[in-house]
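> Dropping a prediction and its sequence here:
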Amino acid sequence: MATSTTDRSSSGKTDISAEKGAAAVPGSAGYGARGAAHAAGAVAVQTAPAAHAVAAQAAPAPRAVACPAAATKPASPRAARVLSALELPLLLAVPVAMFAALKTGVASAAGLMLAVVVLVIALFFAGYEASRPALRQIMPALVLAALAAAGRIIFGPIPDFKPVSAIAIIAGATLGPKNGFMVGALAALTSNFFFGQGMWTPWQMYAWGLVGYLGGLLAAAGFFGARTPEEPVRRGGLLAYGLASGLIYGAIINAYDVIGFVKPFTWPGAIARVAAAVPFDITHSLATCVFLLALFGPWTRRINRVVRKFALRG
């Protein structure tokens with residue numbers, strides 16, 4: 001039995017070796033399907049690199065795609081300088097046009113004044129765009145405008161008790177007069193999507209923008225203090241302008257109302273119209289002072305730290 005097992009085992013090994021040898025030699029009896037598969041695989045491996053090389057040479061080179069942003073031409077520095085120099089004259093053009101309409105008694109004064117204020121706002125926005133501010137310079141102004149608009153909506157149930165003037169003043173004091181105007185104007189525009197748009201919207205944009213712009217000029221002159229981290233806030237100057245800002249806003253809106261809609265114009269009628277609005281203007285002034293006392297110190301410290309770090313002042 002032992003001998004038979006050994007022979008069977010040896011015979012098996014011999015058969016397997018012979019089969020492998022025959023499979024490796026083409027033309028031999030053992031060269032069957034397995035040998036053909038091995039040979040085809042070897043040929044495929046050898047020819048694959050050459051095929052890849054030919055395909056790489058035949059493939060066309062990729063075309064360079066032009067970036068649209070790179071093709072954008074920067075705005076003319078001359079146009080930016082001209083529009084920047086016209087900022088104050090543009091802002092003063094509205095009260096001058098109001099006075100002229102009042103003196104001449106133009107029949108369609110409301111429409112003409114609306115056209116003037118829309119043109120002034122459009123040119124001011126064009127000047128801001130021509131200065132090509134970077135995104136990091138635009139974002140703080142947009143955030144403050146959004147906060148002002150949200151605050152106006154939140155305090156909507158209380159007539160004229162709004163934080164818009166205070167936030168526009170803070171924007172002007174920290175980011176510059178131009179950004180102060182943009183914050184006030186954008187806050188009026190966006191919040192009126194909630195309160196309702198109308199021919200009063202450009203006037204509110206101009207009035208709140210002017211409050212922010214003048215606040216920036218006074219802050220640059222040191223009227224509010226807090227120009228450095230060590231300098232304290234001058235509350236006297238801050239509250240004085242807070243009171244005046246509500247009256248400035250009210251004077252613009254009331255003048256538009258009187259010139260456009262008191263027909264026929266008489267001084268008693270104009271005085272009665274303005275007198276009816278005085279309590280609301282006083283409420284606006286007091287609300288601005290309250291919000292300035294609460295927000296000016298902490299907000300300016302934090303915003304000024306970001307402004308100094310990233311050179312954001314415009």
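Looks like it arrived, so ask away. Keep in mind the model is a prediction, meaning the values are calculated, not measured.

> Compute the distance between the spatially closest residue to residue 80 that is not a sequence neighbour and residue 212, please.
Setting aside the residues directly before and after it, residue 80 is nearest to residue 130 in space (CB to CB, 6 or more residues apart in numbering), at 4.1 Å. For glycine as for every other residue, the C-beta is placed from the backbone atoms N, C-alpha and C. Taking CB to CB, to the nearest Å as the measure, residue 130 falls 19 Å from residue 212.

> what's the answer for residue 108, then?
Residue 108 sits 30 Å away from residue 212, going by CB to CB.

> More neighbours: these two, which one.
residue 212 (35 against 11; other CB atoms under 10 Å).

> still on that earlier bit, what's around the residue nearest to residue 80, how many residues?
By other CB under 10 Å, the residues close to residue 130 number 19.

> Assess the claim that it and residue 86 are in contact.
No: taking contacts as CB atoms under 8 Å, residue 130 lies outside contact range of residue 86: 11.0 Å.

> Give me the average confidence score over the host helix or strand of residue 270.
Residue 270 is part of helix 267-310 when elements are defined by DSSP states H and E. Across helix 267-310, the average pLDDT comes to 92.

> so what does that helix touch, helix or strand wise?
Counting contacts by 3 or more CB pairs under 8 Å, 6 or more residues apart in numbering; DSSP states H and E, helix 267-310 packs against helix 135-154, helix 164-175, helix 235-261.

> Rebuild those helices as CSV, extending it with mean neighbour count.
Formatted as CSV, those follow (neighbours: other CB atoms under 10 Å):
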stretch, mean neighbour count
helix 135-154, 18
helix 164-175, 30
helix 235-261, 20
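
> Could you dump those into CSV and include distance to residue 267 and mean pLDDT?
Converted to CSV, the helices and strands packed on helix 267-310 look like this (distance: least, CB to CB, whole Å; pLDDT from 0 to 100):
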stretch, distance to residue 267, mean pLDDT
helix 135-154, 33, 93
helix 164-175, 29, 96
helix 235-261, 10, 92
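
> re the thing from before, tell me how far the helix holding residue 270 is from the chain's mean position?
24 Å (CA atoms, centre = their mean, to the nearest Å).

> same question, stretch 175-195
Relative to its parent chain, stretch 175-195 has a centroid offset of 12 Å by CA atoms, centre = their mean.
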